[in-house]
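Q: sequence first, then the predicted structure, then my questions.
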Amino acid sequence: MLESNQISKNTFVNKSMIDKFYHIHNYCCQINVYDSELVSGQLQTLGYKETNNLDLADIILLNTCSIREKAEETVFNRLDSLHYLKKNKPSLLIGVLGCMAQNLKNDLLDSKPYVDIILGPDSYRKLSQIIYNRQNPLTNHLVDTKLSKYEIYDDMFPSRKSGVNAWISIMRGCDKFCTFCIVPFTRGRERSRPIENILNEAKNAINEGFVEITLLGQNVNSFSTEKGDFPVLLNELAKIIGLKRIRYTSPHPQDITDDLLEVMSKHDNICNHIHLPLQSGSTKILKRMNRTYTKNKFLSLVDRIKSYMPDCSISTDIIVGFPGETEEDFLETLSVVKKVKFNFSYMFKYSARPGTKAAEYSDQIKELVKQERLEKLINIQRNLTLMNNKEKVGSIQHVLIEKISKKSSDFWSGRTDGNIWTIIKKNSESVKDVVPVRITEAKGLTLFGENINN
Ligand code: SAM
Ligand code: SF4
């Protein structure tokens, strides 16, 4: 069996591979973006080059998500279109990676027999061996979805596209088992990378020209090692010279500790933003979701965050139409949303995932009711976001310039410390600069302003 240390520059490279191309497409979360960078690193070591031209590609990989049914449907449709490509180019390798591979395993092959590779999130190392076997000569379909208690890909190097932000995975898996969520089944048990190795990866990213890092994990703040927990890691990272900003996602409210809030408030380069997934404002529903906090505990956590960082942006995830959610439960969610005044929210209709506990509950909510609740919630949140943004008019926000604005090449687009996209008129500043911006206008999700140093 192939071991990780066999994936070196010399392994499996031969002349016939020099002009081979791969294409990798991500669905959903940033964790998939990072995992795809790890996979890209392997393929590039083997001599493959990345392409966005599907006709040129010898390998097409879809890195998938199973969180909601819709995400899986999108991948199925994409696979159908790839089938046409394969008819014209039978040597094309099609692979499904990630949560959907893990969730559906061999069932995927039953409906899509032209898929060559199915690799779960703990099996990416196998890719080199598969590609090697494919050349001399083709082995048939390969399905590997064995979950590991130990795999953290700590010795593999992501191939990042140059830019402002580098994603860094610090832990994998989840032990929380929320009753709606497929993640513990597709990503396995929680495991964390050693602090030293994360620090090295962050320093390398800075040396490569990145100025921001975003730490990733299904439950990023459950990070735990013998040498320290999440606040210890953040504290060490914040000392890295040249690291202008640190963000992290997604934390669980249960693991937001005073130590964490203290470290966040102490360092200017740790962003003033916490993503705090509420899921529901009804204690009854939270209990059924196995979320481990009540409505009141969540509200006092928000107060605690604000006592450390009064200007901290708070965003959230909310699910409407969880089984058994009555109109009163939904109204409780709306009341928490109005009370906290989240800066922004990711809002979802509950999607039953086979294999999870909540999918077995007998009191599922009708699609129409879910849709109505989602629309009401989106409207309220939209107004709150605008209201929060309008309150920033006249204030000075520190904006990290990330790119040229999509609307006009005369403007920059960047994010505030609190993660709000901001547009400023181009002047002498450059991408990767952090500049003080006086906010002059708020429209929807976006702020507009001017660099006060010009
Ligand atoms: N670990 C984070 C937490 O504890 O909240 C969340 C990570 S989860 C991958 C991202 C979001 O997807 C969740 O916060 C939840 O709102 C949403 N989600 C998960 N399962 C879902 C389902 N079955 N239906 C609808 N939304 C779901
Ligand atoms: Fe899913 Fe997050 Fe719950 Fe884990 S904590 S089961 S990732 S929602």
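A: That came through, no problem. Numbering: from 1, shown residues only. Ligands and ions are numbered 1, 2, ... in the order given.
Q: for the stretch 151-300 of the chain, what lies in contact range of ligand 2?
A: By CB under 6 Å from any ligand atom, the residues of the stretch 151-300 of the chain that approach ligand 2 are 174, 176, 177, 178, 181, 183, 184, 218, 219, 252. C-beta: built from backbone N, CA, C; applies to glycine.
Q: helices - which of those land there?
A: 183, 184 (DSSP state H).
Q: okay, the residues of the stretch 151-300 of the chain next to ligand 2 in JSON lines with pLDDT and neighbour count next?
A: Converted to JSON lines, these look like this (pLDDT from 0 to 100; neighbours: other CB atoms under 10 Å):
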{"residue": "174", "pLDDT": "95", "neighbour count": "22"}
{"residue": "176", "pLDDT": "95", "neighbour count": "17"}
{"residue": "177", "pLDDT": "97", "neighbour count": "12"}
{"residue": "178", "pLDDT": "98", "neighbour count": "22"}
{"residue": "181", "pLDDT": "97", "neighbour count": "22"}
{"residue": "183", "pLDDT": "94", "neighbour count": "23"}
{"residue": "184", "pLDDT": "95", "neighbour count": "19"}
{"residue": "218", "pLDDT": "93", "neighbour count": "24"}
{"residue": "219", "pLDDT": "93", "neighbour count": "21"}
{"residue": "252", "pLDDT": "97", "neighbour count": "20"}
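Q: residue ranges for the helices of the stretch 351-454 of the chain, please.
A: With DSSP state H, counting those that start in this stretch, the ranges of helices along the stretch 351-454 of the chain come out as 367-391.
Q: please read the previous query as pertaining to the chain.
A: Secondary structure of the chain, counting by DSSP H: helices at 30-45, 69-88, 99-104, 106-111, 126-135, 183-187, 195-207, 230-238, 258-266, 283-289, 295-308, 327-340, 367-391.
Q: highest mean neighbour count out of these?
A: Highest mean neighbour count among these (mean count of other CB atoms under 10 Å): helix 99-104, with a mean of 25.
Q: so what touches that one?
A: Contact with helix 99-104 is made by 64-67, 71-72, 75, 108, 118-121, 145, 147, 182-183, 185-187, 355, as judged by CB atoms under 8 Å, 6 or more residues apart in numbering.
Q: do the same with stretch 420-437
A: 164, 209, 211, 244-245, 313, 343, 389, 392, 396-405, 407, 409-416, 439, 445-454.
Q: buried members of those residues into PyMOL, please.
A: In PyMOL, this line selects whichever of those come out buried by 16 or more other CB atoms under 10 Å:
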select buried, resi 164+211+244+245+313+343+389+392+397+398+399+400+401+402+405+412+413+414+415+416+439+446+447+448+449+451
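Q: show me what contacts residue 377?
A: 318, 320, 333, 334, 337, 345, 347.
Q: reformat those residues as a markdown table; add pLDDT and distance to residue 259.
A: As requested, the contacts of residue 377 are exported to a markdown table (pLDDT from 0 to 100; distance: CB to CB, whole Å):
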| residue | pLDDT | distance to residue 259 |
| --- | --- | --- |
| 318 | 98 | 27 |
| 320 | 98 | 33 |
| 333 | 98 | 30 |
| 334 | 98 | 33 |
| 337 | 98 | 28 |
| 345 | 97 | 27 |
| 347 | 98 | 31 |
